[in-house]
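Novice: Sharing a sequence plus its predicted fold:
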Amino acid sequence: MPSGSSTILRVLRVSLHVGFAVLLLVAVLRLAMAGLSPLATGAGLAGAVLLAAVYLVGTVLEKRHALNPERFDPKPYAWWWLATVCGLWLVLVLISPDFAWTAFPLFFLQLHVLPRRLALPAIAASTALLIGALWFHNRGAGADALQVPTVLGPVLGAAFAVVTGLAYRALYVEADNQRLAAEELRSTRAELARSQHDAGMLAERERLAREIHDTLAQGFSSIILMGRSAEQALNAGDNTAARDRLRTVQETAASNLAEARNFVRGLRSPDLVDSGLTDALQRLCAKTEAEAAARGAALRCRFELQGTPVPLPNPHQATLLRAAQSLLANVWAHAHASTAVVTLSFLESEVTMDVFDDGRGFDPAGTAAAESRGDGTGVGLASLGERLAALEGTLDVESAPGEGTVVAVRLPLLVAPERGSAPEASSEY
């Protein structure tokens, strides 16, 4: 939608061209009825037609170039065009004084084509030539040939043209600035849209990476280890153990498939669909203990509940479950622990989950050392930290080589749960 300044400029341009055409037509009609010699009349009509043609060609070329910059640019020839128009006008004024009034549209053209330092002297010279031409046609009147209206009319017309032309130029500059600002705004919006799109893609990629690390990668690792254990059992002739471990492989693969379908759709974890967080954590501990036993590791994993459970938002439940899955996977795969304890605590203003193991531990500050092991521990903790930060939670790790590890997860509750008169429950599974 064009702005107000653009509309005013368009109206002024159209009015200028229409005014020039009307004044030229009136001068031609008066020339035809003036009773001049056939030679003068013919020269005047031919000059008027030529002036109209030159004027029309210049304005049409300028308009086409403005609409499509790839078209022919008449700007390098603008001064020659203006000189031709003014020269034809001067010849017509010398033929008939009726062409004098077409000078006023030409004043606007001079202001438009020429820079201001040249336009004002050109207008002054055109005004002087106009006054001289009028005196030339009135010289038979003697001393009264140069009357006040003969001088005052062109001077006031030139002054009005200058003021109006300067106002037009100011509007033109404002409209051009508005156009540039609009283009910059559109460019900024497009860049912002691209940035938001890229940020959204990056956030989704990070989400998928976290989900894959905390679910699929851990499940595939379990499948590989269980498959190897089943192969060893078959080689040893223990078909019962091999069958149990293959059943675990099937269950883990089915769970992985369900997890993949759900996190692609952004749904809840299948472990939380039919039960609460405490039941899901209890099953996870039992599964971890069973997988460790299948590998020949004597790991006892138990779940403890502290406080009175309250309903948690879905993001809180999913984050706590993913944290437990990732941390317990690290425990039975890397810590070489004999005991692991997952403690879920409901406090007044937050819910916490501590995962303890009595394994070999590590140096939390030695991130580079953790990464050099190639076990993915550093990646898992970083991913978990990002999950918790999104919910304004915190992650604390306490460990030392040979002294086990405690990972504490804290998530604030949006609304503090109401406490009844019953004492805090503590249960161990």
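Specialist: Received the coordinates, thanks.
Novice: In a strand, residue 353, correct?
Specialist: Yes - assigned with DSSP: H, G, I helix; E, B strand; the rest coil, residue 353 falls within a strand.
Novice: per-residue confidence for it?
Specialist: On pLDDT, residue 353 comes in at 94.
Novice: So it versus residue 338, what's the distance?
Specialist: 21 Å (CB to CB, to the nearest Å). Quick note: C-beta positions are derived from backbone N, CA and C, even for glycine.
Novice: which one of those two has more residues nearby?
Specialist: Ranked by neighbour count (other CB atoms under 10 Å), residue 353 and residue 338 place residue 353 first, with 21 against 13.
Novice: Beta-bridge partners for that one, please?
Specialist: residue 344, residue 409 (DSSP bridges).
Novice: these two touch, right, it and residue 322?
Specialist: No - using CB atoms under 8 Å, residue 353 makes no contact with residue 322, being 11.0 Å away.
Novice: Overlap in contacts, the two.
Specialist: The contact sets of residue 353 and residue 322 do not overlap (CB atoms under 8 Å, 6 or more residues apart in numbering).
Novice: how about residue 110, what does it touch?
Specialist: 82, 86, 119, 122, 123, 126.
Novice: Tell me the most packed of those, by neighbour count.
Specialist: residue 123 (23 neighbours).
Novice: Helix or strand: which one has that residue?
Specialist: Using DSSP states H and E, residue 123 falls within helix 116-138.
Novice: Return the mean pLDDT over that helix, rounded to an integer.
Specialist: pLDDT averaged over helix 116-138 gives 80.
Novice: swap in stretch 332-346?
Specialist: Averaged across stretch 332-346, pLDDT comes to 88.
Novice: So what's the residue count around residue 77?
Specialist: 13.
Novice: ignore the last one, residue 285
Specialist: For residue 285, using other CB under 10 Å, the count is 21.
Novice: and what of residue 390?
Specialist: 13.
Novice: how close does it get to residue 315?
Specialist: 8 Å.
Novice: and residue 16, how far is that from residue 27?
Specialist: Counting by CB to CB - residue 16 and residue 27 are separated by 17 Å.
Novice: before we move on, the earlier item: next, the residues that contact the helix holding residue 123 from outside, please.
Specialist: Counting by CB under 8 Å, 6+ apart, 86, 90, 93-94, 96-97, 100, 103, 106-107, 110-111, 113-114, 144-147, 150-151, 154-155, 157-158, 161-162, 165 sit against helix 116-138.
Novice: now that helix: how far from the chain's centre is it?
Specialist: Centroid separation for helix 116-138 versus its chain: 56 Å, with CA atoms, centre = their mean, to the nearest Å.
Novice: what angle do whatever helix or strand comes next after that helix and helix 116-138 make?
Specialist: With elements assigned by DSSP H and E, the helix or strand that comes after helix 116-138 is helix 148-211. Taking axes from the mean of the first three to the mean of the last three CA atoms, to 10 degrees, one finds helix 148-211 and helix 116-138 inclined to each other by 150 degrees.
Novice: Quick one: mean pLDDT for helix 148-211?
Specialist: Across helix 148-211, the per-residue pLDDT values average to 77.
Novice: So which elements touch that helix?
Specialist: In terms of contacts (3 or more CB pairs under 8 Å, 6 or more residues apart in numbering; DSSP states H and E), helix 148-211 is packed against helix 4-32, helix 103-113, helix 116-138, helix 239-264, helix 377-390.
Novice: need the next SSE after it, C-terminal direction.
Specialist: Next along from helix 148-211, by DSSP H and E: helix 217-235.
Novice: Could I get the buried residue list for that next one?
Specialist: 217, 218, 219, 222, 223, 225, 226, 229, 230, 233 (16 or more other CB atoms under 10 Å).
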